[in-house]
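>>> quick one, what's the 3D model for this:
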Amino acid sequence: MNIEDKIYREHIEIAKISHRFFAFLIDNFLVTLAFYLIFWEEMSSLPDSYVAMVEFLKGKILYLVGLEFVYEVVFLSLYGATLGKMLFKIKVISLDMLDRPNLLYALIRTMCKILGKVFFYMPFFLVFFSPIAQALHDILGKTIVIKNA
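Purely as a prediction, here's the structure:
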């Protein structure tokens with residue numbers, strides 16, 4: 001049985017791409033806000049120049065990526081959704097179990113999602129061509145994003 005038949009049989013509704021997009025924006029905002037709160041003291045003591053801010057951010061980029069990684073993996077493996085996804089009543093499920101992804105799938109999906117950003121978000125556009133709206137990180141992580149019942 002292919003995955004489309006499995007989804008149909010289980011009465012699973014694929015999440016709207018617009019909901020995924022806005023959940024993504026909210027999650028990025030929350031991670032960025034947490035980053036600024038963590039490093040606020042250091043940032044506020046920087047000289048008032050664009051160059052100083054860019055140099056600071058270059059030195060802290062791995063912290064930002066790490067923060068996003070931990071946020072995604074923890075929320076996906078524990079709840080099947082990040083805060084942004086919860087707000088839009090959508091969630092990530094593994095194709096194997098039709099339940100929230102286990103830690104391994106959450107790790108793979110998150111690593112691929114973060115790497116997708118490096119490639120100018122191009123892997124994200126697969127959602128428009130996949131019959132079950134999977135981006136590359138969904139395909140590699142063996143997950144789909146669905147409407148939360």
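
>>> contacts, neighbours, all on C-alpha from now
OK.

>>> the strands in this protein, which residues?
Ranges of strands in the chain, per DSSP state E, are 90-94, 143-147.

>>> what's the most buried one of the ones you listed?
strand 90-94 (a mean of 24; mean count of other Cα atoms under 10 Å).

>>> what is the orientation angle of that one with strand 143-147?
Put simply, strand 90-94 runs at 150 degrees to strand 143-147, going by axes from the mean of the first three to the mean of the last three Cα atoms, to 10 degrees.

>>> now the farthest one out in this structure, which residue is it?
Most distant residue from the mean C-alpha position of the chain: residue 47, 33.3 Å away (Cα atoms, centre = their mean).

>>> ramachandran angles for that one?
phi -60, psi 150 (degrees, to the nearest 10).

>>> what residues does residue 148 make contact with?
By Cα atoms under 8 Å, 6 or more residues apart in numbering, residue 148 lies in contact with 89-91.

>>> for residue 122, which non-adjacent residue is spatially closest?
Excluding its sequence neighbours, the residue lying closest to residue 122 (Cα to Cα, 6 or more residues apart in numbering) is residue 116, at 6.7 Å.

>>> in contact with that neighbour: list those residues for me.
Per Cα under 8 Å, 6+ apart, neighbours of residue 116: 122-124, 136-137.

>>> quick one: buried ones out of those?
123-124, 136-137 (16 or more other Cα atoms under 10 Å).

>>> can you find the helix or strand in this protein with the smallest mean pLDDT?
helix 3-9 (a mean of 92; mean pLDDT, DSSP states H and E).

>>> flag every buried residue along that one.
Result for helix 3-9 [16+ other Cα under 10 Å]: buried residues residue 7.
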